[in-house]
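Asks: Got a predicted model here, sequence first, then my questions.
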Amino acid sequence: MKETIETDVALIGGGIMSATLGMLINQLAPDKSIHIFERLKDVAEEASDAWNNAGTGHAALCELNYTPEDAKGVVHTDKASSIMEQFEVSKQFWAYLIEQERLANPKDFIRSTPHMSFVRGDKDVKYLKKRFNALQKSVLFKEMQYSEDKKVIEQWAPLITGGREASEKVAATYSTLGTDVNFGAITGALVKSLQKTGKAELHLHHEVKKLKQQKDNRWLIKVKDLSSGRKYNVLAKFVFIGAGGGSLELLQKSDIPEGKKYGGFPVGGQWLVCKNPEISAKHSAKVYGQAEVGAPPMSVPHLDARIIDGEKAILFGPFATFSTKFLKEGSYWDLFGTVKYWNIFPLIKVGIKNIDLEKYLIRQLSLSFEDRMSVLRQFYPEAKNADWKLQEAGQRVQVIQNDPENGPTLQFGTEIVTSADGTISALLGASPGASTAVSIMLRLLYQCFPDRAGDNVDRLKAMIPSYGQQLEDNPELLAQVRERTSRILELNA
């Protein structure tokens with residue numbers, strides 16, 4: 001008979017989402033036992049790894065896709081405000097953990113890095129000015145600056161102005177509130193902190209093979225230790241599937257009805273990377289531009305200043321790639337394994353409706369190294385081939401939902417899928433993902449444990465002072481929150 005481990009909580013996947021949920025549960029219910037299962041040999045080696053994502057503390061300061069312009073020329077800022085509010089929640093929670101000595105040096109995982117939007121040509125310059133004016137109506141973005149003056153822009157990011165024609169029309173916004181976040185580092189720190197409590201156990205190189213709900217509502221999870229070949233069972237009262245691109249397959253294996261309206265479409269990426277210290281010393285911002293028609297949000301071009309493991313670098317891209325893998329360390333059968341009789345027709349319909357995305361991917365796949373350098377030179381005109389190399393980024397799975405009202409749709413955000421009884425939940429999707437992890441996991445806890453929500457309000461307010469309030473509606477609270485988090489996280493220091 002196989003060994004059986006019993007636990008209150010099973011977290012499948014060792015990324016930022018599982019680490020955040022585990023820490024929230026440990027703070028709100030410290031008596032609960034937690035077991036974390038990660039298929040690879042360490043946590044945060046897939047989407048949460050620093051080289052597999054942009055590291056942008058997504059706060060909508062620079063990401064133009066969060067402020068769409070409608071057919072009437074109106075720029076909408078609702079999504080930008082929502083994402084900014086959520087990132088402020090993440091910073092508050094991290095600051096609290098620093099105060100409680102659950103996390104150590106903040107510079108190990110977060111640094112102040114100005115966020116910029118940069119555009120060229122009359123059309124995009126007009127859009128950026130409208131975007132700036134629209135955002136200025138919100139206290140959340142009051143600190144942002146705007147300029148069409150190349151000399152001012154040169155002070156912000158000299159690489160993007162040198163070598164340009166004097167007649168070329170450009171514009172940029174600039175915000176010192178921006179950050180660069182190493183989500184791999186914070187994931188590792190959160191998991192280690194959980195392990196120190198004695199209530200959380202980490203199982204590395206362990207793969208979840210099957211899930212089945214029992215008559216007592218607990219979940220029987222079949223696990224294989226990939227290092228030894230040992231197989232055993234886990235009985236869990238609550239299961240979270242936070243396995244990135246692997247979440248969809250596991251959600252389908254759970255056989256809950258709520259999971260049967262989803263499919264997935266994988267999109268990968270590549271960076272151009274420069275580690276020349278003479279060049280990287282001249283660039284200290286994250287500069288985002290306009291995406292091509294049909295491009296997924298993760299493929300918005302940006303020139304990123306990064307510090308990873310103490311090494312400064314500049315990343316440009318990402319350039320989209322396509323693979324049938326759902327994970328960077330996945331199988332080429334991943335996509336085919338998630339095609340079921342209930343989602344095959346929605347997948348086909350989404351394919352027909354998203355011709356622009358398919359054309360974009362075909363163009364991206366046909367790019368040579370010189371083609372990629374030509375795209376880079378739109379941002380950095382004086383870039384030289386010898387200073388850059390191509391490097392693989394992460395793999396993402398865009399959610400395809402068979403919506404009863406709107407039909408099959410391709411979604412570019414994150415989606416929480418929870419069973420009717422609240423005993424199992426999965427996270428699907430990508431951007432803005434990690435930056436809003438705390439808010440997403442709080443929403444998950446409310447969905448799964450609504451009867452306990454009221455009991456934890458005071459505790460949550462201690463961890464997140466703005467909890468339950470909109471910072472946009474309370475300038476005084478916003479100022480207090482930002483002063484506190486900047487001081488504790490050593491931002492702009």
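Replies: Thanks, I have the structure now. Numbering: from 1, shown residues only.

Asks: so how many other residues sit close to residue 382?
Replies: 12 (other C-beta atoms under 10 Å). Every residue, glycine included, has its C-beta placed from N, CA and C.

Asks: Let me know the secondary structure of the closest residue to it other than its chain neighbours.
Replies: Once flanking residues are discounted, residue 382 sits nearest to residue 163: 4.3 Å by C-beta to C-beta, 6 or more residues apart in numbering. Using DSSP: H, G, I helix; E, B strand; the rest coil, the secondary structure recorded for residue 163 is coil.

Asks: Residue 163 and residue 37: what is the separation?
Replies: Going from residue 163 to residue 37 by C-beta to C-beta, to the nearest Å gives 51 Å.

Asks: With residue 142 instead?
Replies: 44 Å.

Asks: How about residue 170, nearest residue that isn't a chain neighbour?
Replies: residue 120 (5.2 Å).

Asks: ok, residue 68 - how many residues close by?
Replies: Neighbours around residue 68, by other C-beta under 10 Å: 14.

Asks: Now do the contacts for the residue nearest to residue 170.
Replies: 168, 169, 170, 378 (C-beta atoms under 8 Å, 6 or more residues apart in numbering).

Asks: coming back round to it: which residue of residue 163 and residue 37 possesses the greater neighbour count?
Replies: Counted by other C-beta under 10 Å, residue 163 and residue 37 do not tie: residue 37 has more neighbours, with 22 against 11.

Asks: would you say that one is within a helix?
Replies: No - counting by three-state DSSP, residue 37 is not part of a helix but strand.

Asks: give the contact list for it.
Replies: 10, 11, 12, 13, 14, 203, 206, 207, 208, 221, 223, 234.

Asks: Any chance of the residues you listed in TSV with neighbour count as columns?
Replies: Output for the contacts of residue 37, formatted as TSV (neighbours: other C-beta atoms under 10 Å):
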residue	neighbour count
10	28
11	29
12	28
13	30
14	30
203	19
206	23
207	17
208	24
221	26
223	23
234	24
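
Asks: Let me have those in TSV, extended by distance to residue 449, secondary structure and pLDDT.
Replies: Formatted as TSV, the contacts of residue 37 follow (distance: C-beta to C-beta, whole Å; DSSP: H, G, I helix; E, B strand; the rest coil; pLDDT from 0 to 100):
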residue	distance to residue 449	secondary structure	pLDDT
10	15	strand	98
11	15	strand	98
12	18	strand	98
13	20	coil	96
14	23	coil	96
203	24	strand	98
206	26	strand	97
207	28	strand	96
208	22	strand	97
221	20	strand	98
223	24	strand	97
234	20	strand	97
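
Asks: I figured residue 147 was touching residue 153, is that so?
Replies: Yes - using C-beta atoms under 8 Å, residue 147 makes contact with residue 153 at a distance of 5.8 Å.

Asks: out of those two, which sits in the more crowded spot?
Replies: Using other C-beta under 10 Å, the more surrounded residue of residue 147 and residue 153 is residue 153, with 22 against 16.

Asks: Following element in sequence after the helix or strand containing the more buried one, please.
Replies: Residue 153 is part of helix 150-156, with elements assigned from DSSP states H and E. For helix 150-156, the following helix or strand on the C-terminal side (DSSP H and E) is strand 170-175.

Asks: mind checking how far that following strand is from the chain centre?
Replies: 24 Å (C-alpha atoms, centre = their mean, to the nearest Å).

Asks: what lines up beside that strand in the sheet?
Replies: strand 115-120 (antiparallel), strand 145-147 (antiparallel) (DSSP bridges).

Asks: Quick check: which of those strands is nearest to residue 441?
Replies: Nearest of these to residue 441, taken as C-beta to C-beta: strand 115-120 at 24.1 Å.

Asks: As PDB, could you dump the C-alpha coordinates of that closest one?
Replies: Extracted in PDB, the C-alpha atoms of strand 115-120 (Å, rounded to 0.1, in the frame of the first residue of the first chain):
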ATOM      1  CA  HIS A 115       9.200  53.400 -16.000                       C
ATOM      2  CA  MET A 116       8.900  55.100 -19.400                       C
ATOM      3  CA  SER A 117       6.600  55.000 -22.400                       C
ATOM      4  CA  PHE A 118       8.300  55.900 -25.700                       C
ATOM      5  CA  VAL A 119       6.600  56.500 -29.100                       C
ATOM      6  CA  ARG A 120       7.500  57.800 -32.600                       C
END
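
Asks: how about the helices in the chain?
Replies: Shown for the chain, the helices assigned by DSSP state H span residues 16-28, 78-99, 122-135, 150-156, 183-196, 247-254, 277-280, 334-337, 344-353, 355-365, 369-379, 437-448, 457-463, 475-488.

Asks: what's the most buried one of those helices?
Replies: helix 16-28 (a mean of 25; mean count of other C-beta atoms under 10 Å).

Asks: Before we move on, what's the pLDDT of the closest residue to residue 49 other than its chain neighbours?
Replies: Leaving aside its sequence neighbours, residue 49 sits nearest to residue 184 (C-beta to C-beta, 6+ apart; 4.6 Å). According to the prediction, residue 184 has pLDDT 94.

Asks: could you check the distance from residue 184 over to residue 202?
Replies: In terms of C-beta to C-beta, residue 184 sits 15 Å off from residue 202.

Asks: same question, residue 221
Replies: 15 Å.

Asks: swap in residue 329?
Replies: Distance from residue 329 to residue 202, by C-beta to C-beta: 18 Å.

Asks: which one of these two has more residues nearby?
Replies: residue 202 (19 against 13).

Asks: so what's that one bridging to?
Replies: residue 36.

Asks: ok, now which ones touch it?
Replies: Applying C-beta under 8 Å, 6+ apart, the residues near residue 202 are 14, 36, 38, 43, 191, 194, 195.

Asks: what do you get if the cut-off is 10 Å, keeping everything else the same?
Replies: 11, 14, 22, 34-38, 42-43, 191-192, 194-195 (C-beta atoms under 10 Å, 6 or more residues apart in numbering).

Asks: ok, back up a step: overlap of the contact sets of residue 147 and residue 153?
Replies: By C-beta under 10 Å, 6+ apart, the residues touching both residue 147 and residue 153 are 170, 171, 172, 173, 174.

Asks: Give me the pLDDT value at the last one.
Replies: Residue 174 is assigned a predicted lDDT (pLDDT) of 98.

Asks: what's the neighbour count on it?
Replies: 24.

Asks: again with the third one
Replies: Taking other C-beta under 10 Å as the criterion, the count of residues near residue 172 is 27.

Asks: Isn't it up against residue 151?
Replies: No - the pair residue 172 / residue 151 is not scored as a contact, 11.8 Å apart, by C-beta atoms under 10 Å.

Asks: Identify the contacts common to those two.
Replies: Common neighbours of residue 172 and residue 151 (C-beta under 10 Å, 6+ apart) are residue 161.

Asks: Mind telling me which residue is nearest the centre of this structure?
Replies: Per C-alpha atoms, centre = their mean, the C-alpha nearest to the average position across the chain is that of residue 433, at 2.9 Å.

Asks: Pull up the gap between that residue and residue 446, please.
Replies: 19 Å.

Asks: Look at residue 392 and report its pLDDT.
Replies: 88.

Asks: With residue 342 instead?
Replies: Residue 342 is given a pLDDT of 69.
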